[in-house]
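Enquirer: Would you be able to build a 3D model of this:
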Amino acid sequence: MEFDKKIIWFINITRWQKTDYIRPHEYTMRDWNPRIGEDFDNLVRLIDEIGVDKEFRIFGTVKTFRYLEIKGYEYWVMREMKAVHKSFIKIIIINRRKL
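Expert: Predicted coordinates for the structure are as follows:
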């Protein structure tokens with residue numbers, strides 16, 4: 001599948017943090033990309049629109065995430081509400097792992 005050049009540009013220039021939590025992968029957050037937040041949002045939207053739902057088993061539970069393969073990586077989005085000073089903010093993380 002061919003992807004928009006701007007999506008590939010964002011993937012290539014964004015900061016990806018490595019983690020070994022649960023399984024080795026990398027992640028990025030919108031707050032880390034303030035000047036290119038729109039591009040972050042576009043990748044989230046693309047994963048939501050054309051990704052494929054897959055089950056992920058963790059700690060005895062099953063969660064479903066939508067995954068999208070782009071240039072040898074599998075991308076998925078995690079959303080979470082966090083309490084901050086008596087209100088809630090939505091945290092969005094894009095994860096990826098090498099296929």
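Enquirer: C-alpha only now, for contacts and for neighbours.
Expert: Will do.
Enquirer: Please tell me how far F40 sits from S87.
Expert: To S87, F40 is 24 Å away according to Cα to Cα, to the nearest Å.
Enquirer: do W32 as well
Expert: 22 Å.
Enquirer: next one: G72
Expert: Distance from G72 to S87, by Cα to Cα: 39 Å.
Enquirer: Look through this protein and tell me its longest helix.
Expert: helix 37-50 (DSSP state H).
Enquirer: ranges for the helices of the protein?
Expert: Counting by DSSP H, the helices of the chain are 5-13, 37-50.
Enquirer: Quick check: buried residues in the first one?
Expert: Same thing as helix 5-13. F10, I11 (16 or more other Cα atoms under 10 Å).
Enquirer: beta partners for the closest residue in space to R97 that isn't next to it in sequence?
Expert: Spatially, and ignoring its direct neighbours in sequence, R97 is nearest to H25 (4.6 Å; Cα to Cα, 6 or more residues apart in numbering). H25 forms beta bridges with T19, as assigned by DSSP bridges.
Enquirer: Repeat that for I93.
Expert: M29, M78.
Enquirer: Who has more neighbours out of W32 and S87?
Expert: Applying other Cα atoms under 10 Å to W32 and S87 shows that W32 carries more neighbours, namely 13 against 8.
Enquirer: Please list all residues in contact with F88.
Expert: F88 is in contact with M81, K82, counting by Cα atoms under 8 Å, 6 or more residues apart in numbering.
Enquirer: Isn't M29 up against I94?
Expert: Yes: taking contacts as Cα atoms under 8 Å, M29 lies within contact range of I94: 6.5 Å.
Enquirer: Please report phi then psi for the nearest residue in space to L68 that is not next to it in sequence.
Expert: In space, and not counting its chain neighbours, L68 is closest to G51: 4.5 Å by Cα to Cα, 6+ apart. Note on G51: its backbone torsions stand at phi -70, psi 170 [degrees, to the nearest 10].
Enquirer: Let me see the confidence value for A83.
Expert: With respect to pLDDT, A83 scores 69.
Enquirer: cool, I36 as well?
Expert: pLDDT, read off for I36, is 82.
Enquirer: And for the one 3 residues further on?
Expert: Confidence per residue is given as pLDDT, and for D39 that number is 92.
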